[in-house]
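Asks: need coordinates for the below:
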Amino acid sequence: MVTASRIFRHMAVACLLGLAITSASAEGYKGPITLVVGYPAGGSADIGARILAEKLPALLGQPVIVENRAGAGGQIAARYVKAASPNGSVLFFTNGHTVVTVPLVLKAPGFDTRTDLQPVSPFATFELVLAAHATTGAHDVKQLAAYFAGNPKDRNIAVPAPGSAPEFMVGRLAQLTRSDIQPIAYKGSGPAVQDLLGGQVAAAIVPLGDALQYRASLRLLAVTRKTPLLPDVPSFADAGLPELSASDFLAVYAPRGMSADEVTRINTAVQKVIAMPDVSRRLLSYAMQPQSGAPADLERIFTASQGTVRNLMAAVNYQPQ
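Replies: Numbering: from 1, shown residues only. The predicted structure is shown next:
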């Protein structure tokens, strides 16, 4: 026979178990965090991720491990993050090319930034630069266009990847200067810069950080936005080419579905990292500008960048592959 006291005991145990589960759920995930990067070690995304990963453990109370899942312009990493649990165990540190450009240039990239990824925090912005070999004799964009006009066999501009904003910028530059300039796509900005230094190409459009260290050997003609790192170098807008103002950014995303509390917790920690003076100095040394903000600010950065890339693609009639 089941007595009233036994019923009450069972109810009390059930209530205690429910409270324990609720408490554990409220505490959230407290294990190691994997910070996924879609590019090899040494690039801007990897550098930024490692700077962040070095500082986050003290703020979150959790180990943070950078994991490079390189390839396909960040698609491999983005798909991995898309499939991960949104409990905070996996974060995505990425550049704008992966989350903005890749879904625009490919019909089936395997992920959709807006539906599969959760904005967490902006981290930094960086500029693209048009750099020329010294033998071109160019000190500005007009002089480079003049060089191309007089050298029909040397009208190539290197870009870091096919189907990228730099490639579209070359196409638009050709239209605006009425030059028969052709982009040559490389597997990364490092090889593109090396061929530029060697004179295999006349010019390149690459992230500023990859060209800045060689400014004594190269002619840096224009940047996507004016930067204090190069006070004497005009922006494309200053050079009369505002359509080429396609800056890039670094940011933290998570799998879609992460709780608002967890997003806020991680965003708060990232903001504290960005505010650290030594982090700011390190980012600037790589030609990256620290960029603080809430998830909504990252969404605005994403939307603006998407609009710029879409306009460039339309101008050069680039069709998704």
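Asks: center of this protein - which residue?
Replies: N95 (1.0 Å; Cα atoms, centre = their mean).
Asks: any figure for the gap between the residue nearest to it when sequence neighbours are not counted and A239?
Replies: Leaving aside its chain neighbours, N95 sits nearest to A45 (5.0 Å; criterion: Cβ to Cβ, 6 or more residues apart in numbering). Where C-beta positions appear, they are placed from N, C-alpha and C, glycine not excepted. To A239, A45 is 28 Å away according to Cβ to Cβ, to the nearest Å.
Asks: ok, these two, which is more surrounded?
Replies: More neighbours surround A45 than the other of A45 and A239, with 26 against 17 (other Cβ atoms under 10 Å).
Asks: that's a helix at that one, yeah?
Replies: Yes. Assigned with DSSP: H, G, I helix; E, B strand; the rest coil, A45 falls within a helix.
Asks: residues contacting it?
Replies: Contacts for A45 (Cβ atoms under 8 Å, 6 or more residues apart in numbering) come out as V37, G38, Y39, G74, F93, T94, N95, L250.
Asks: go through those residues and flag which are in strands.
Replies: If you go by DSSP state E, the contacts of A45 have V37, F93, T94, N95, L250 in strands.
Asks: most neighbours of all the residues you listed, which one?
Replies: Counting by other Cβ under 10 Å, top hit in the ones in strands among the contacts of A45: T94 with 29 neighbours.
Asks: distance of that one relative to I47?
Replies: Counting by Cβ to Cβ, the separation of T94 from I47 is 13 Å.
Asks: same thing with G293?
Replies: Distance of G293 to I47, computed by Cβ to Cβ: 20 Å.
Asks: just A251 next, same as before
Replies: Here A251 is placed at a distance of 14 Å from I47 (Cβ to Cβ).
Asks: need the contacts of A45 in CSV (columns: pLDDT and distance to N156).
Replies: Formatted as CSV, those follow (pLDDT from 0 to 100; distance: Cβ to Cβ, whole Å):
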residue, pLDDT, distance to N156
V37, 96, 30
G38, 93, 27
Y39, 88, 24
G74, 93, 25
F93, 98, 32
T94, 97, 29
N95, 95, 24
L250, 98, 29
